[in-house]
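Student: A structural model of the following input is requested.
(2 chains)
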Amino acid sequence: MIFNSLTFIVFFAIVLALHNAPFPWRVKKINLLVASYLFYAAWNPPFVILLWVSTVVDWWAAQWMVRSERQATRRAWMLISVVVNLGLLGFFKYGHFLLDNFVAVAASLGIAYQPPGWDIVLPVGISFYTFATLSYTLDVYLRRAKPAKRFLDYALFVTFFPHLVAGPIMRPTELVPQFEQPRRATSTQLGFGLALLTLGLFQKVVLADGFLAPVAEAVYDSHGKAPAMLDAWAGTLAFAGQIFCDFAGYSTSAIGVALCLGFAMPDNFRFPYAAVGFSDFWRRWHITLSCWLRDYLYIPLGGNRHGPARTYMALMGTMLLGGLWHGASWTFVAWGGLHGVYLSAERGLKARFSGWVPGPAALAGLAALTFLLINVTWVFFRAKTFGAAGVMLRAMSGTAAAGVPLVAALPMAIALGIVAAIVATHWVMRSTTIEAVVERTPVPLIAGVWAAMAFAVIIEQGQGSAFIYFAF
Amino acid sequence: MALAALLTVVLMTGGWEAWARSQGLRPADMDDSPQAWAQLRRQAGTARVAIVGDSRILFDTDLDRFKALTGEYPLQLSIVGSTARGLLEDLANDPSFKGLLIVGLADTSYFRPSGLGYGGMYMHSSERNGKPSQRSGLFLDRLLQPHFAFLDSVYRFSKLAIRPDHGWRKGPDSPYEDVWKISETYPNRQYRMWPQIETNPYLQYQARHAWDYFKGPKISNHVIAAVDVHTREAVSRIRARGGEVVFVRPPSARPIRVNEDKALPRAIGWDRMLRFAHAVGVHNDDLPPQVQNLTIPEFSHLNAACATVFTDAYVRRLTQLTPRLKLRVDAPPPLTRADCVKAG
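Tutor: Sure thing, here's the model as predicted:
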């Protein structure tokens, strides 16, 4: 189920009531585990089996790694875990992609291969829980973490419904210890958690789905019509706002839901459109994925310990694979590759001008340039083909032959106004946190903003559309 | 603070509900959705009579009147903005359906070259909408809908916010070109014309404007031939397993009908298609004079009262055309134009 649904409201009310009932802590954890399976099964009950497979394999792999003294045995169990997890991910997420590319390569060699038709349904959130469980066995293998003491705690770490399908990607060291002691939200935590849930839903239901998605769709799904320059920019900026509000909205809701139950989850977004430079952007955008890629891909690929050439290769490799993680399409790889190029160029420039400290104007200029170039990457993220991305980029650069207006004036104005407000908010908030701002804001103002957001969510009604990142 | 926020939300929502009711929205109006359609679609295997088609047969059929005349309560599977052809194909591909299928069509929609229109969203998501979370969502929605008038997908905040744009920018369709609310939906997907379309001149004019008088290019002979073949094959598949298919062509008002006839004259559209498929049907033009010239407020769909009159007329005619429908001995007396159109 999704957070922006009536079903979730009822589900969450029951979970919250059970969690605050006078049951022993072990019973409460079992309640949370069962609730998490129900949460996942609400989409497609059979896919719960995948969760079980992933949970059981990684639990036993970690157990055997700890019990074994032989390095070869430890490595074998680690590899079993990696193969099973990446095998599931590869089959369900990349099966079609691999087959299509195999057919294309065969055709280029003059071999006409017609594969049998197969229909693979992508299990929701598989990329997220696969990465979460992989980090468990890898950390145990690398002796960076001890295995969970109880199977129940580990199963709950994998399945805990707030982060299950779209993150934040939790590490076992962050969540498993929280399951060891009884936890219950204080009234302040409950209030703050509900406020975060409201903020997340406002971002998703009202901003992303209500106002931004229709403008992005009008431009990107225009069935071959080339947009005018203004429309191309409006569509891309609207998508920049939509993807932020959609994904950050989910993370904010997830953090709020967990907080209502007394659990802490890490920030996943820190005002990314105020980033100055691309390394700064990735410290602010999907932070838990950035950290995962850094720890389990970039550093093992060599990181910055083996000279500049190896560093750039590690950077590009990480970003290309990070792009592929987002979707089984070459356009996502291009998106990641473009970020890799940006990061590499930034690294080179920083080395060249290491002593330069930008003033306020230069800082603002660099932030604007970063935002502009980030929008160029979103074109590859949103366009379904390279051809469509090319049409969009030509329109945005003003070099398209004849574009047509695709978006009406008022929807465009509202969408651009929202994006401008998002960027301005990020800029104002770039060095602070929501918690700090809430603390120094008068209570009536906070209550008014909270009520306004909740009211907007109610009258927007929503249509129960899934979060974009569920497909990743 | 939480209590103050909650109280504010309750007050604001109450005010919004009052405003929605002042606009003519009614709590009993349940709104339609792909989930609601999918729920009925899953019953097709046991249905003795089902109706598929675009919005005209959806608005223009009174399901209770149908039952009063024949004893059969049809499964209403029509979808607004769709083509009846796609839905006919959908049922033809369902081996469990063996009943009588009534295909209601607007010519230019049925003979469109390709695409399912808005119906694609419903048809392609039927499996997805059978998921537990979606069934529970529909169940909860049905609990809330009868109490709140503001729960209406056309009256979402984001849709209302862009309505003032009546074409401020040259080129793209403005929100004023969209189809706004014209219907109410009751249990079993019983659609009815929203009374505001008859009484509110601004909304009536906008609804007419949205149809753009069904202007469109002439439909090519190539497309007509392809549709004929497609229809015959679909009808044959349903008949091969014991089912039957009949067609109904509901009325449209003169300003629209002129353009429909230009795009596709009846002789090479409706008449030829029925001959080619060896099927029977009821065209509005062939109904008795006493049920002609019914009230079509926005030129494309009958108002609620006249939908009952049209249903009465076409169902009576169908009972003469197919043995699968029989007129009950205790059927109510026939209705005429006078039952829904005020004199003068």
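
Student: can you pull the contacts of the residue nearest to the spatial centre of chain A?
Tutor: Centroid-nearest residue in chain A: A:His286, 5.4 Å away (criterion: C-alpha atoms, centre = their mean). Contacts for A:His286 (C-beta atoms under 8 Å, 6 or more residues apart in numbering or on different chains) come out as A:167, A:247, A:268-269. From N, CA and C alone the C-beta is placed, and that goes for glycine too.

Student: who wins for neighbours among those residues?
Tutor: Of all these, the most densely surrounded is A:Gly167 (28 neighbours; neighbours counted as other C-beta atoms under 10 Å in any protein chain shown).

Student: ok, for that residue, nearest residue in space, not its chain neighbours?
Tutor: A:Phe128 (5.1 Å; C-beta to C-beta, 6 or more residues apart in numbering or on different chains).

Student: B:Thr295: which element?
Tutor: In the assignment (DSSP states H and E), B:Thr295 maps to no helix and no strand.

Student: tally up the residues packed near it, please.
Tutor: So B:Thr295, with other C-beta under 10 Å, has 18 neighbours.

Student: pLDDT value on it, please?
Tutor: Confidence at B:Thr295, expressed as pLDDT, is 93.

Student: within range of chain B, give me the residues from the stretch 1-150 of chain A.
Tutor: With C-beta under 8 Å from any C-beta of the partner chain as the criterion, the stretch 1-150 of chain A meets chain B at residues A:1-2, A:5-7, A:10, A:41-45.

Student: one more time with 6 Å
Tutor: Within the stretch 1-150 of chain A, the positions adjacent to chain B are A:1, A:5-7, A:42-43 by C-beta under 6 Å from any C-beta of the partner chain.

Student: need these in CSV (columns: pLDDT, distance to B:Val49 and neighbour count).
Tutor: Shown next, in CSV, are the residues of the stretch 1-150 of chain A next to chain B (pLDDT from 0 to 100; distance: C-beta to C-beta, whole Å; neighbours: other C-beta atoms under 10 Å in any protein chain shown):
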residue, pLDDT, distance to B:Val49, neighbour count
A:Met1, 80, 35, 26
A:Ser5, 85, 34, 22
A:Leu6, 87, 32, 19
A:Thr7, 89, 33, 22
A:Ala42, 88, 34, 22
A:Trp43, 82, 34, 22
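
Student: which pair in those has the greatest spatial separation?
Tutor: Comparing every pair within the residues of the stretch 1-150 of chain A next to chain B by C-beta to C-beta identifies A:Leu6 and A:Trp43 as the most remote, at 15.6 Å.

Student: among the contacts of A:His286, which are in strands?
Tutor: Taking DSSP state E, every one of those sits outside strands.

Student: can you give me the offset of the helix or strand bottoming out on mean pLDDT in chain B from its chain's centre?
Tutor: Sorting the helices and strands of chain B by mean pLDDT, DSSP states H and E puts helix B:119-123 at the bottom, at a mean of 79. Centroid separation for helix B:119-123 versus its chain: 13 Å, with C-alpha atoms, centre = their mean, to the nearest Å.

Student: buried ones in it?
Tutor: Going by neighbour count (16 or more other C-beta atoms under 10 Å in any protein chain shown), the buried part of helix B:119-123 is B:119, B:122-123.

Student: please tabulate those residues in a markdown table, including the columns distance to A:Tyr298.
Tutor: Shown next, in a markdown table, are these (distance: C-beta to C-beta, whole Å):
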| residue | distance to A:Tyr298 |
| --- | --- |
| B:Gly119 | 48 |
| B:Tyr122 | 46 |
| B:Met123 | 45 |
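
Student: from those, pick the one nearest A:Lys29.
Tutor: B:Tyr122 (41.4 Å).

Student: identify the residue nearest residue 251 in space, chain neighbours excluded?
Tutor: Just going to use chain A. In space, and not counting its chain neighbours, A:Ser251 is closest to A:Asn268: 3.8 Å by C-beta to C-beta, 6+ apart.

Student: sorry, I should have been clearer: chain B.
Tutor: Nearest in space to B:Pro251, with sequence neighbours left out and distances taken as C-beta to C-beta, 6+ apart, is B:Asn284 at 4.1 Å.

Student: now do A:Met412
Tutor: The shortest distance from A:Met412 to any non-neighbouring residue, by C-beta to C-beta, 6+ apart, is to A:Ala234 (4.9 Å).

Student: can you give me the buried ones in the strand or helix carrying that neighbour?
Tutor: Assignment of secondary structure by DSSP H and E places A:Ala234 within helix A:229-260. Of the residues in helix A:229-260, A:230-260 count as buried by neighbour count, 16+ other C-beta under 10 Å.

Student: related to what we said a few turns ago, with the buried residues of helix B:119-123 in mind, which one is nearest to chain A?
Tutor: B:Tyr122 (13.2 Å; C-beta to the nearest C-beta).

Student: pretty sure A:His426 sits against A:Ala274.
Tutor: Yes - if you go by C-beta atoms under 6 Å, A:His426 and A:Ala274 touch, sitting 3.9 Å apart.

Student: show me what contacts B:Phe3?
Tutor: That one is not Phe; residue B:3 is Leu. Contact criterion C-beta atoms under 6 Å, 6 or more residues apart in numbering or on different chains gives no residues in contact with B:Leu3.

Student: tell me the SS of it?
Tutor: Here B:Leu3 is helix, with the state taken from DSSP: H, G, I helix; E, B strand; the rest coil.

Student: if I look at it, how far off is A:Gln189?
Tutor: Here the criterion is C-beta to C-beta, to the nearest Å. By it, B:Leu3 lies 17 Å from A:Gln189.

Student: ok, now A:Ser135?
Tutor: Separation of A:Ser135 from A:Gln189 (C-beta to C-beta): 26 Å.

Student: tell me which of the two has more neighbours.
Tutor: More neighbours surround A:Ser135 than the other of A:Ser135 and A:Gln189, with 23 against 19 (other C-beta under 10 Å).

Student: isn't that one right up against A:Thr173?
Tutor: No - assessed by C-beta under 6 Å, A:Ser135 is found out of contact with A:Thr173, at 9.0 Å.

Student: rewinding a little: okay if I get the contacts of A:His286 as CSV plus pLDDT and distance to A:Glu217?
Tutor: Below are the contacts of A:His286 laid out as CSV (pLDDT from 0 to 100; distance: C-beta to C-beta, whole Å):
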residue, pLDDT, distance to A:Glu217
A:Gly167, 73, 25
A:Phe247, 92, 17
A:Asn268, 93, 25
A:Phe269, 95, 23
